Every structure is written in structure tokens, then in C-alpha cells.
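Participant: Next input, structure requested:
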Amino acid sequence: MNYYLSNEVAKHTLYPIIGEAVKTGIRGSANYFVKSFKAKEEIPLLVDSKGIFQVFTKGLLFRGYKNNRFISILIPFKSINQFELNKGAEKVQPIFLSPMWVLLNLGVRLEYARYFRASISEYSVGQTQLILKTAEFSMELETSGYSYESQERFFGKLKL
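Facilitator: Prediction:
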């Protein structure tokens, strides 16, 4: 496993392992909370930390951080054995004649109509879970359920 205890990793270090940064206009994924990290080599910094993913031509770069300390983990695409993005459970109960109810009945997608709810109880979604496994490590991460669609678009373009 290639990792560096720094936020900035030199380009000449990244290039042979994960290639060049992909220029899509998006700098990285949503913030994820690291729920578990299992590897042969324990990395205490990853316990209860947060992080984002950045896409490169030949892999992913996970930038984790906790208490002003950083770690960068290089993940080549060829080393990824399992990659799952799971949406949390949705609860949809629109109130009769509420803006959300009207929009849904007009055919507006739930992804947009949910922002026009009259009460918090009309719509809720559980945490989005990401599971990533390689030969060297496995990690489980969580982020807001509301960001599932954007994360699906972000990771959907990858050939995993």
C-alpha cells in the first residue's frame, strides 16, 4: 500500500502509480467519514477521520485528514477488487397538497422535489456508504445520503 503522511505529494511520485489528475472541473468527491479501515499495517490517523477522493488517469487518490494532520493513499484502478456505492434507505411521505406532493404529481423527479418539502417528515434518506477493497486494505466510508446522486455521477465514469 502506497501512502504518504502529507497533503501534498510530488507529481513525480504520483505519476508512475496513479497517473495524472483528470481535469473534469470537479476537484474531488464529497467528504466521507472513515468508518473502518483494515490493513496489514495499522494507520492510527485514519481512525475517525474524514477524507475525499480525487480521480487520476490510472487510479484514485484518497486524501484523509484529522486534527490538522493529513494522509494521502494512492489506489491504482488495477488493485481495486471491490467498489460499492450504496444509497441509504429513503422514506417518502409527501403531505397532501404540499409543494413536494404537487411536484411529484406533476412528474418532477424525487431528486429535485425533495427540496420543496413542507415538513422534515416528508422525505429522509439514510447515509450513503462506500466500500472499497484491495489486496492490501479494505475501507468503509459514509457520507450524507443527499449526496448519493452526485457521488454516483462522480464515480460512475470510472472503469472499475
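
Participant: Just the strands from the protein, written as ranges.
Facilitator: 2-4, 32-39, 50-56, 59-66, 69-76, 80-86, 90-92, 123-125, 128-134, 137-143 (DSSP state E).

Participant: Identify whichever of those lies nearest to Glu152.
Facilitator: strand 80-86 (6.2 Å; Cβ to Cβ). To be clear about C-beta, it is placed using only N, CA and C from the backbone, and glycine gets the same treatment.

Participant: Direction included, what does that closest one pair against?
Facilitator: strand 128-134 (antiparallel) (DSSP bridges).

Participant: For the strand it pairs with, give me every contacting residue.
Facilitator: The contact list for strand 128-134, computed with Cβ atoms under 8 Å, 6 or more residues apart in numbering, reads 1, 32, 75, 79-88, 138-145, 147-148, 151.

Participant: Stretch 146-159 too?
Facilitator: So stretch 146-159 is contacted by 26, 29-30, 53, 55, 60, 77, 83, 85, 87-88, 111, 125, 128, 130, 143 (Cβ under 8 Å, 6+ apart).

Participant: returning to what we had before: of the contacts of strand 128-134, buried ones?
Facilitator: Listed as buried from these are 32, 75, 79-80, 83, 85, 88, 139-145, 147-148, 151; burial here means 16 or more other Cβ atoms under 10 Å.

Participant: For this protein, list the residue farthest from the centre, please.
Facilitator: Residue farthest from the centre of the chain, counting by Cα atoms, centre = their mean, is Leu97 at 35.0 Å.
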